[in-house]
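Asker: Take a look and give me a structure for this.
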Amino acid sequence: MRSVRWLVRFCRPIAQSHMTFLMCLEELILKNHLKRGGAVVLHMFGMIYMFIALAIVCDEFFVPALTVITEKLAISDDVAGATFMAAGGSAPELFTSVIGVFISHSNVGIGTIVGSAVFNILFVIGMCAVFSKEILNLTWWPLFRDVFFYIVGLIMLIIFFLDNYIMYWESISLLLAYATYVLFMNICCCCCCCGTEAGEMLAGEEDDEEDQPLSLSWPESKRKRFTYLLILPIVFPLWMTLPDVRKKFFPITFLGAICWIAGFSYLMVWWVGETIGITEEIMGLTILAAGTSIPDLITSVIVARRGLGDMAVSSSVGSNIFDITVGYAYVLLFKKLILLFALSITQFTRFCIRALVSCVYNVQSPKPACLCFPGYRSHGCCTPL
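Answerer: Have a look, this model is predicted:
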């Protein structure tokens, strides 16, 4: 009898602990079930709201600041798209790589870079042709230049991935490759754009006369008032933190817009990825890639509707060059210097890079014999599919 009582006393805490564990597990499963069921609507609403925020910050601040920088530096549209516009649009990818390497210690950054590269090449350029007001005539030289440097950067990544590790000198080599790319464009710009500088300056002055600064005045119609109240939580912080681009503080506007783009993109992809529940590699290739490329999509469509086809395409390809040579290499270099170990590369990562090289070569191999490539809407509808 005593042994039975002792056994009951001994087993009771164990049973209670198991019951507590099962209750917590049931609560966790129910919570995830509700989150993936009805609460996903809130996540989708947040994603749409952040998409509107990205459209506002790109249309009202980022693209006007880019136009002013292009005029001040007297550079061509394709060079501006491949450098400043590409770097600004790549801010979300850089932000995601920093989080993946230093905080979550995952390979989500490389998946995002590879997925966003495919998104930029197929979807972004296709949407530029679809939403353009006119046929976009693309000059062969900027396209050939950007795709050539992009393939060179991807080949460098494949070679560096052979030993399954990225060392610090390999990261420095990627950074030097981007510096060579920018220096090459600067030399070509000084030799080629002297004759078109006056015409671009006049076109820029006409655009400045048409554009109006962001206003917080109360609208008159009821529909505009409803829209005003809906986007006021977005517009008011932007109006408080970003100065007018038409004044002398346009560099602050450009850098501030990049910070807002990175923040909005992170919130958008976080709310969606939190609900679906897929692996981090697949999430990086799909949701994170498309979400972080939304700024590239919006800015490229905006400049394409203005007739700047070379700037739109150079921005898409230049953004990919920035991702693999600066965004990824910069994070890996600082991880090596701070954490004192190299980043291991998985078989999945090597497969993604090799598949991306094949995709770039088959989709965007330019033909130097042609002087221009017209971008029709029918062609643009095929590439996103």
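Asker: ok, the nearest residue to F322 once chain neighbours are set aside - contacts?
Answerer: Computed as Cβ to Cβ, 6 or more residues apart in numbering, the closest residue to F322 that is not its neighbour in sequence is S90, at 4.5 Å. For every residue, glycine as well, the C-beta is placed using N, CA and C. By Cβ atoms under 8 Å, 6 or more residues apart in numbering, the contact set of S90 is 296, 319, 322-323, 326-327.
Asker: Average pLDDT for the helix or strand hosting A55, rounded please.
Answerer: Secondary structure from DSSP states H and E places A55 in helix 40-57. For helix 40-57, mean pLDDT is 78.
Asker: The helix or strand hosting P233 to helix 40-57, inter-axis angle?
Answerer: Assigning secondary structure by DSSP H and E places P233 in helix 222-241. If you take axes from the mean of the first three to the mean of the last three Cα atoms, to 10 degrees, helix 222-241 sits at 70 degrees to helix 40-57.
Asker: Helix 222-241 packs against which elements?
Answerer: Contacts defined by 3 or more Cβ pairs under 8 Å, 6 or more residues apart in numbering; DSSP states H and E place helix 222-241 against helix 40-57, helix 250-276.
Asker: Now distance to A86 and mean neighbour count too, for those helices, in TSV please.
Answerer: Output for the helices and strands packed on helix 222-241, formatted as TSV (distance: least, Cβ to Cβ, whole Å; neighbours: other Cβ atoms under 10 Å):
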stretch	distance to A86	mean neighbour count
helix 40-57	16	17
helix 250-276	12	20
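Asker: Same list (the ones you listed) but as CSV, adding distance to L183.
Answerer: Compiled in CSV, these are given as follows (distance: least, Cβ to Cβ, whole Å):
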stretch, distance to L183
helix 40-57, 30
helix 250-276, 22
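Asker: Between those, which one is closest to S315.
Answerer: Proximity to S315 (Cβ to Cβ) singles out helix 250-276 among the helices and strands packed on helix 222-241, at 13.5 Å.
Asker: and this protein, what are its domains?
Answerer: For the chain, the structural domains run 1-31, 44-382, going by automatic domain parsing.
Asker: looking at the ones you listed, which has the lowest confidence?
Answerer: domain 1-31 (a mean of 44).
Asker: Would you quantify the distance from the residue nearest to F322 to G318?
Answerer: 9 Å (Cβ to Cβ, to the nearest Å).
Asker: again, but for P251
Answerer: Separation of P251 from G318 (Cβ to Cβ): 20 Å.
Asker: repeat for A87
Answerer: Distance, A87 to G318, using Cβ to Cβ: 8 Å.
Asker: Spell out the residue ranges of the helices in the stretch 51-200 of the chain.
Answerer: All helices of the stretch 51-200 of the chain, identified by DSSP state H, counting those that start in this stretch, fall at 63-73, 77-80, 86-89, 91-98, 108-118, 125-131, 140-160, 168-192, 197-210.
Asker: Relative to A262, which of these is closest?
Answerer: Closest approach to A262 among those (Cβ to Cβ): helix 91-98, 4.4 Å.
Asker: D310 and W141 touch, don't they?
Answerer: No - counting by Cβ atoms under 8 Å, W141 is not a contact partner of D310; they are 9.3 Å apart.
Asker: Compare these two and say which is more crowded by neighbours.
Answerer: Ranked by neighbour count (other Cβ atoms under 10 Å), D310 and W141 place D310 first, with 25 against 15.
Asker: quick check, the more buried one in a helix?
Answerer: Yes - assessed by DSSP: H, G, I helix; E, B strand; the rest coil, D310 belongs to a helix.
Asker: when you give positions from now on, start the count at 145
Answerer: In the new numbering, first residue 145, that becomes D454.
Asker: Next, the contact list for the closest residue in space to it that isn't next to it in sequence, please.
Answerer: Among residues not flanking D454 along the chain, D222 sits closest, at 4.0 Å (Cβ to Cβ, 6+ apart). If a contact means Cβ under 8 Å, 6+ apart, then D222 has 283, 286, 454-455, 457-458 as its contacts.
Asker: wait, what's in contact with the closest residue in space to A231 that isn't next to it in sequence?
Answerer: Spatial nearest neighbour of A231, excluding adjacent residues (Cβ to Cβ, 6+ apart): F466 at 5.5 Å. Contacts were defined as Cβ under 8 Å, 6+ apart; by that measure F466 touches 230-231, 234, 322.
Asker: Sticking with F466, tell me its helix or strand.
Answerer: In this assignment (DSSP H and E), F466 forms part of helix 453-466.
Asker: quick check: angle from that helix to helix 207-217?
Answerer: Angle between the axes of helix 453-466 and helix 207-217 is 100 degrees (criterion: the same axes, to 10 degrees).
Asker: By neighbour count, which bits of helix 453-466 are buried? Give me those.
Answerer: Within helix 453-466, the residues scored as buried using 16 or more other Cβ atoms under 10 Å are 453-466.
Asker: Same check on stretch 221-235?
Answerer: By 16+ other Cβ under 10 Å, the buried positions in stretch 221-235 come out as 221-235.
Asker: Mind picking the one among those that's closest to L360?
Answerer: G232 (24.6 Å).
Asker: now the contacts of S234 in a markdown table, with distance to D203?
Answerer: What follows is these, written out as a markdown table (distance: Cβ to Cβ, whole Å):
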| residue | distance to D203 |
| --- | --- |
| D440 | 14 |
| S463 | 18 |
| F466 | 22 |
| D467 | 23 |
| V470 | 26 |
| G471 | 24 |
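Asker: For those residues, name the two members farthest from one another.
Answerer: Taking Cβ to Cβ, the two most distant members of these are D440 and V470; they sit 15.1 Å apart.
Asker: can you tell me how far the closest residue to Y410 other than its chain neighbours sits from G233?
Answerer: Spatially, and ignoring its direct neighbours in sequence, Y410 is nearest to F239 (6.1 Å; Cβ to Cβ, 6+ apart). Distance of F239 to G233, given as Cβ to Cβ: 12 Å.
Asker: Same check on L399?
Answerer: L399 is 14 Å from G233, where distance means Cβ to Cβ.
Asker: surely S459 meets V445?
Answerer: No - contact between S459 and V445 fails when scored by Cβ under 8 Å: they sit 10.6 Å apart.
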